[in-house]
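Peer 1: Sequence and predicted structure are below.
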Number of protein chains: 2
Amino acid sequence: MKILKGCPATSQDDYQLNVTSIIKNAARNYGTQSLVVMRPDGATFTSNYSEEYERVKRLANALGKVGISPGDRVGVLDWNTNRHYELYFGIPGIGAVLLQMNMRLTAKELSYIGNHSGARLIFVDESLIKVAEAISSDLKSVIGYVIMTDGKLADIETSLKPIYSYEDLLKDAEAEVNWPMIDERSAYAACYTSGTTGKPKGVYYSHRNIYLHSLQVGLSYEFTDRDSLLLLTPMFHAMGWGFPQISALVGAKLALAGRYSLEDFGPIIKLMENEKISFVGGATIIFMAMLEYIKKMDKKPDFSGVRLLSGASEPPLAMIKAYNELTGADVHQAWGATETTPFVTVNRLKPALKDKLTQEEMWKYKSMHGYILPGIDLKIVDDEGSEMPHDGKSVGEILVRGPWITGSYFNAPGTESQFTEDGYWKSGDVGMINPEGYLKMVDRVKDLIKSGGEWISSVDMENEIMRHPAVLEATVIGLPHPKWEERPVAFVILKDGYRESVTKDDILVHLSELFSKWQLPDDIKFVDEIPKTSVGKFDKKRLKEEYKNIFRKGR
Amino acid sequence: MKILKGCPATSQDDYQLNVTSIIKNAARNYGTQSLVVMRPDGATFTSNYSEEYERVKRLANALGKVGISPGDRVGVLDWNTNRHYELYFGIPGIGAVLLQMNMRLTAKELSYIGNHSGARLIFVDESLIKVAEAISSDLKSVIGYVIMTDGKLADIETSLKPIYSYEDLLKDAEAEVNWPMIDERSAYAACYTSGTTGKPKGVYYSHRNIYLHSLQVGLSYEFTDRDSLLLLTPMFHAMGWGFPQISALVGAKLALAGRYSLEDFGPIIKLMENEKISFVGGATIIFMAMLEYIKKMDKKPDFSGVRLLSGASEPPLAMIKAYNELTGADVHQAWGATETTPFVTVNRLKPALKDKLTQEEMWKYKSMHGYILPGIDLKIVDDEGSEMPHDGKSVGEILVRGPWITGSYFNAPGTESQFTEDGYWKSGDVGMINPEGYLKMVDRVKDLIKSGGEWISSVDMENEIMRHPAVLEATVIGLPHPKWEERPVAFVILKDGYRESVTKDDILVHLSELFSKWQLPDDIKFVDEIPKTSVGKFDKKRLKEEYKNIFRKGR
């Protein structure tokens, strides 16, 4: 990107955007605002910005004592807890980098991440000590582990060493700190993509990146100090989608769900009611599981006015409608990725549209991914990289650039091809944009099914199958075919009570309402489980590998 | 400011914050949203972001044709019009600097500004040609004038030369532009402070400054795409307080009041009703005049839910209450200056306070200037520069720093003393901060009245006098006194119908409710007019000069 210099300004442009200032301001302006944390047993406890800021300051002072310097990477293995929240501000506050270690990755992936980043210290929640132990002998640069527990360090049985107690470190540290002004281009935190191909790749978010993302997303979601946000999204995914920082920026209440059970959504629903939650961020599979729970409740919860941001994968329209009918909640989606911090679009209905759309058209808008945020350049391009028109029909790979988009992967030679010469990140997602500026992500480039020179969206087909009342989960993949290049095959989990009665033909008839005959899957496999990746997405790579020969064998 | 470098990030930190992207996005996402402009005759016309963006692009292309290059300063002499709006984006869009030329300044001041900045070209509204003519022979670097008129250039009689027609330039220019990426630290626009002492001083706002201010103020005011903003504040004052940029950023409707009459607020009130205005930015003296108009209306307008931001000087509590009672509008204030873009605080009532304050306490909060915006460092200091506590009592000079605060004045040797070594701008305002973080600006350092070692706030006393039902306007100054150092003297304009009946004693008795005996003014002068500066503030300097000897003479 060529940069044009104009006339010098007199503004304080050296003043750096530091994420630390966000929590500092929250304590200054919203000291008594609550941070609510739910424990695994469903009980909650409440802290506030003032108390949290004091703990952040103590943490910052403690880090120096255990040998951490500016620029060091500091690993975190934790659920959504207040300690994790403190690490969000304390580690970057001294110029070190919070390194997210997703406990659902394999030991091989985790130790790769620990070594690739050169992690010096790891904060481990007591419940995850086993995860740390499994990789500790492989970690080359780690000088110690900080155990996050309510109990005594002496009672912890572990092979990790040396170990420190988080609470003791805080207790012994000073509560005052003279924050450094950190170069805004320095890394604030690192997340590694759990990429289904190759090694994990590091996205190192700068302070500037996170700060600007917080401002714009706060503005686009219209968050205020009357909001009450519940974060079901793990804080290790794209830095909790930005919500820990954004809620502090606007002075909203933040509720963290810790480690919760997908079997019993009772505690989460109670938390939402008690804390008057107005906005929830979570993965679609979580909201789908919650919906099943709600369907069985005699008295449905009242979520009117509550916004549910359903991410990671596309929320089926059937689910969106069901939430609306049963609870009054408004489910919506967005588009983004670890590489984009993550928000690139938000799907709100612009006032000018609201006035002119029918109810049915509004639902159609609900199934899109939304309009592009100010400050972000986004285009869809064909195979040659030429920009496609915004006509709601032309489909191309989504390319994106802007202040909160990654420009490279950390120390990852060979990944340069994922970026264009003019600075766009190639998302690997395929989508279209309508004349109103709404993006509809159609598929992953690699999941788009190419059949006889035409394409079929695996995502659209999955969503349509999931609209069938008997279907719990479904995924569709393209499998190599000698004649057509690829043909679609669906994997379907039926709900209890339907397993005997529903046939492949029922599903095909259902799909025929929306899809042409040539697009219909060649096979529908009823299964008990669909493999998922560590981040809860359907593991299509694994399925494709397992079933790659079914057409070749002439089955 | 020492800057600490940490670990490199992978974010696209080279991607520059350019204000141009704000209007580009408004056209992308809110093309049909209205820009409403009121003409001097009260008639309105409506444009939209899509049309405006096309005109901005044509303007950008036209600038090159008349010899303007990146870095050049381009003067503007205009009211609040759509053309002025286009200049806000078109001039900085090519990397040039929009130089504001306040038509209310003296010819001497204006030509100083034109020459100090090295202005190359000046855009002049047809109605202001005389102002430009008065200085044109003094301007050393100007190569031409662009006349903004709906008529033909040939019909314009002027000594200015060469002259161009704004509309012709646009018509002849291409509608497509490949925007450069401008260094975000380059100047976007320049405003000169009309400082009551010395020469005008240039504040050159960077693109970064304006962009960050827009994001944070948009967030703090909770502006949305359902808002409808009316800008009464001249666009040449601190870049229209940021509202032209902010409304584009959030997709709000923007209404510009052009040149309107203070004698007849009918057209403005009609505009507010027709366009469902939800927020108005304007100077306190304007709102006071509007209130007088409303008081005489048989049927009061319904402004419930409308926020009136009353700036430039403190809105008297009597006025705030009257608006609330008569129209339902919520008048509030903020604190800032040309040097601060201008927002440093906003006075909204935090939810935690709302619950616990009595109605009377709420009014008290209304008379404060609000809490400090995230991202801004603000402190109050004593004469030695030591920070004062936030106890709601300690008074000190307000010092401020942050990304949208000026760090110097443009090419102004000798002004360095207005900044501290650690980068704070010394505002010259005196204030206090309460434990909830609300700033109360008490006075200008120079207007604070020092009497017998104690101080008296001239602003507080003015507001209290203006609460008297017979008073239209009032100002209070400290005049040199042989025994007490200074003593207060009030200048009061009575409303029609009260001139015969109200006495000095009436005012003193009224003041006694709030002020101690020793604080009461030594004299109250009933006058027909109070001199005002070019920006509409009471010209206390002139009054002090005129009356400096009244106590010395032993009067």
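Peer 2: Cool, got the structure.

Peer 1: Ranking helices and strands of chain A by mean pLDDT, which lands last?
Peer 2: strand A:454-456 (a mean of 81; mean pLDDT, DSSP states H and E).

Peer 1: What strands line up against that one, and which way round?
Peer 2: With DSSP bridges as the test, strand A:454-456 is paired with strand A:449-451 (antiparallel).

Peer 1: Quick check: buried residues in the partner strand?
Peer 2: Of the residues in strand A:449-451, A:449, A:451 count as buried by neighbour count, 16 or more other CB atoms under 10 Å in any protein chain shown. The C-beta positions use only the backbone N, C-alpha and C, and glycine is treated the same way.

Peer 1: same deal with stretch A:61-70?
Peer 2: Counting neighbours by 16+ other CB under 10 Å, stretch A:61-70 gives A:61-63, A:68, A:70 as buried.

Peer 1: Tell me which entries of these lie within helices.
Peer 2: A:61-63 (DSSP state H).

Peer 1: tell me the domain ranges of chain A?
Peer 2: Domain assignment for chain A, taken from automatic domain parsing, gives A:20-28+A:46-206, A:334-444, A:449-546.

Peer 1: Let's have these in JSON lines, adding distance to residue B:101.
Peer 2: Below are these laid out as JSON lines (distance: least, CB to CB, whole Å):
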{"stretch": "domain A:20-28+A:46-206", "distance to residue B:101": "34"}
{"stretch": "domain A:334-444", "distance to residue B:101": "30"}
{"stretch": "domain A:449-546", "distance to residue B:101": "56"}
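
Peer 1: how about those, which one is nearest residue B:77?
Peer 2: domain A:334-444 (30.4 Å; CB to CB).

Peer 1: so residue A:443 is in which element?
Peer 2: strand A:438-444 (DSSP states H and E).

Peer 1: actually residue A:25, not the one I wrote
Peer 2: helix A:20-30.

Peer 1: which stretches of chain A aren't confidently modelled?
Peer 2: Within chain A, the stretches with pLDDT under 70 are A:195-197, A:535, A:553-555.

Peer 1: that older thread, next structured bit after the least confident helix or strand of chain A?
Peer 2: Counting by DSSP H and E, what follows strand A:454-456 is helix A:458-466.

Peer 1: among the ones in helices among the buried residues of stretch A:61-70, which are within reach of chain B?
Peer 2: Taking CB under 8 Å from any CB of the partner chain as the test, chain B is in contact with none of those.

Peer 1: Closest to chain B out of the residues you listed?
Peer 2: residue A:63 (12.7 Å; CB to the nearest CB).

Peer 1: And for the residue of the stretch 251-400 of chain A found nearest chain B, nearest residue in space, chain neighbours not counted?
Peer 2: Here the residue of the stretch 251-400 of chain A nearest chain B is residue A:374; by CB to the nearest CB that distance is 4.1 Å. Using CB to CB, 6 or more residues apart in numbering or on different chains and skipping residues adjacent in sequence, the residue nearest residue A:374 is residue B:25, 4.1 Å away.

Peer 1: again with residue A:400
Peer 2: residue A:378 is the one closest to residue A:400 (CB to CB, 6+ apart), at 4.7 Å.

Peer 1: which element is that neighbour on?
Peer 2: Residue A:378 is part of strand A:377-381 when elements are defined by DSSP H and E.

Peer 1: and that strand with strand A:438-444, angle?
Peer 2: Orientation check (axes from the mean of the first three to the mean of the last three CA atoms, to 10 degrees): strand A:377-381 against strand A:438-444 gives 50 degrees.

Peer 1: Surely residue A:400 and residue A:342 touch.
Peer 2: No: applying CB atoms under 8 Å as the test, residue A:400 and residue A:342 come out as separate, 11.0 Å apart.

Peer 1: between the two, which one's more packed in?
Peer 2: Taking other CB atoms under 10 Å in any protein chain shown, residue A:400 and residue A:342 do not tie; residue A:400 has more neighbours (26 against 23).

Peer 1: ok so, going back, could you identify the most distant pair in the buried residues of stretch A:61-70?
Peer 2: Those two in those that are separated most widely, counting by CB to CB, are A:62 and A:70, at 15.0 Å.
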